[in-house]
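A.B. asks: Got a predicted structure plus its sequence, pasted below:
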Amino acid sequence: MRIDIDAFNVLQVLVEEGSFAKAAERLHKAQSAVSYQVKKLEEHLGVQLFSREQYRAELTPEGRVILAEGRRLLQHLANIEHLASRFSEGWEPKLELVIDGALPMEPIMSALKRMAEHQIPTKIQLNMEFLGGVQHRFERDNADLMLVKDYRTGPYYHPQSLPAITSVLVASASHPLSFIRTISLSELQQHVELTIEDSSPNKSYRDEMQFGGDKVFYLSGFIMKKNALLKGLGFGWLPDFLVQEELAKGELVEIDFVGGSRFTFIPQLVSTLERPLGRAGQLFTALILEEFAKTEQFDGVGLG
């Protein structure tokens, strides 16, 4: 015999009303039906839930523990019904995003905050990777969206361009390169280059912006790379949104390399037609495009 889930609701009402008669009235049931439901639950559990010696219907110590668990069960069931209702409206159970660590987090977090305000039932998983690791994780995990600096195109991919991001070639103000003008490639290669490690397992991504020297330190993230640059460990590229303050303060210096000290890339928001986006994926797409557009407008005001 399975537990009658509704019996826990009867217990709750019975405790609140204090008598079988009042509980029956509130539940729109016969008093005998309420009494029978409670008795059958007691028989099934082998525990006396109510003390029948009192004028009011009072729980036994065992009954209080059982009712506490029953309340949790009823709440779980209510949550399941709510989720099922939302999922039937087109909300997917999970939305998985893979983000390239070279992209600014501010618009991404703003978009996620706005999604949270919609109180949607979808669970969101955010993963950060670097270089070839972004697409590898996207394909391996069957993720829904990737925000990526660069990727291998395919017939099922659906990319949407985000505002351009500029990377700046920098070194610490105390680094020897900060004192040299019109630096040649051979001069640059004499110093330690700091770069980001490809997070894909086979490390197959070829970063065309590397300078080809023998002295290369591979780091696992841009915060680590920025700290290394500030320490004067070497030189390297950083997205401008990460170095604006340090350049303004003179803590980091833009290197005067003859081949250019800035390059611009256009990140992409990519989904795949093999896994069509549900309502949450569509909502995030709209919000992330809006939030990145705000950063573009802000940059435009700053440059004016």
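C.D. replies: Thanks, I have it.

A.B. asks: just the strands in the stretch 51-200 of the chain please.
C.D. replies: Listed in chain order, the strands of the stretch 51-200 of the chain (DSSP state E, counting those that start in this stretch) span 58-59, 94-100, 123-129, 145-148, 157-161, 165-172, 193-196.

A.B. asks: Tell me which other helices or strands the last one touches.
C.D. replies: Same thing as strand 193-196. Secondary-structure packing of strand 193-196 (3 or more C-beta pairs under 8 Å, 6 or more residues apart in numbering; DSSP states H and E): strand 216-219, helix 222-230, strand 235-239. Any C-beta I mention is one placed from the backbone N, CA and C, and that applies to glycine too.

A.B. asks: For Val168, list each beta-bridge partner.
C.D. replies: Beta-bridge partners for Val168, by DSSP bridges, are Leu238, Arg262.

A.B. asks: From the rest of the structure, what touches the helix or strand harbouring Glu42?
C.D. replies: In this assignment (DSSP states H and E), Glu42 forms part of helix 31-45. Defining contact as C-beta atoms under 8 Å, 6 or more residues apart in numbering, one finds that helix 31-45 is touched by 1, 3-4, 6-7, 10-11, 14, 20-21, 23-24, 27, 48-50, 66.

A.B. asks: What about those residues, which are in helices?
C.D. replies: Judged by DSSP state H, helices contain the following of these: 6-7, 10-11, 14, 20-21, 23-24, 27, 66.

A.B. asks: Just the buried ones from the contacts of helix 31-45?
C.D. replies: 7, 10-11, 14, 20, 23-24, 27, 49-50, 66 (16 or more other C-beta atoms under 10 Å).

A.B. asks: so which two of those residues are the farthest from each other?
C.D. replies: Farthest pair in the buried ones among the contacts of helix 31-45 (C-beta to C-beta) is Ala24 and Ile66. Separation: 20.7 Å.

A.B. asks: who touches the closest residue to Gln189 other than its chain neighbours in this structure?
C.D. replies: Excluding the flanking residues, the one nearest Gln189 by C-beta to C-beta, 6 or more residues apart in numbering is Gly213, at 3.4 Å. Counting by C-beta under 8 Å, 6+ apart, Gly213 touches 188-191, 193.

A.B. asks: And for the residue lying closest to Ala21 once chain neighbours are set aside, the neighbour number?
C.D. replies: The shortest distance from Ala21 to any non-neighbouring residue, by C-beta to C-beta, 6+ apart, is to Gln31 (5.5 Å). By the criterion of other C-beta atoms under 10 Å, Gln31 has 15 neighbours.

A.B. asks: now swap in Lys40 and tell me
C.D. replies: By other C-beta under 10 Å, the residues close to Lys40 number 14.

A.B. asks: now swap in Phe265 and tell me
C.D. replies: By other C-beta under 10 Å, the residues close to Phe265 number 15.

A.B. asks: got the contact list for His118?
C.D. replies: With C-beta under 8 Å, 6+ apart, His118 has these contacts: Leu283.
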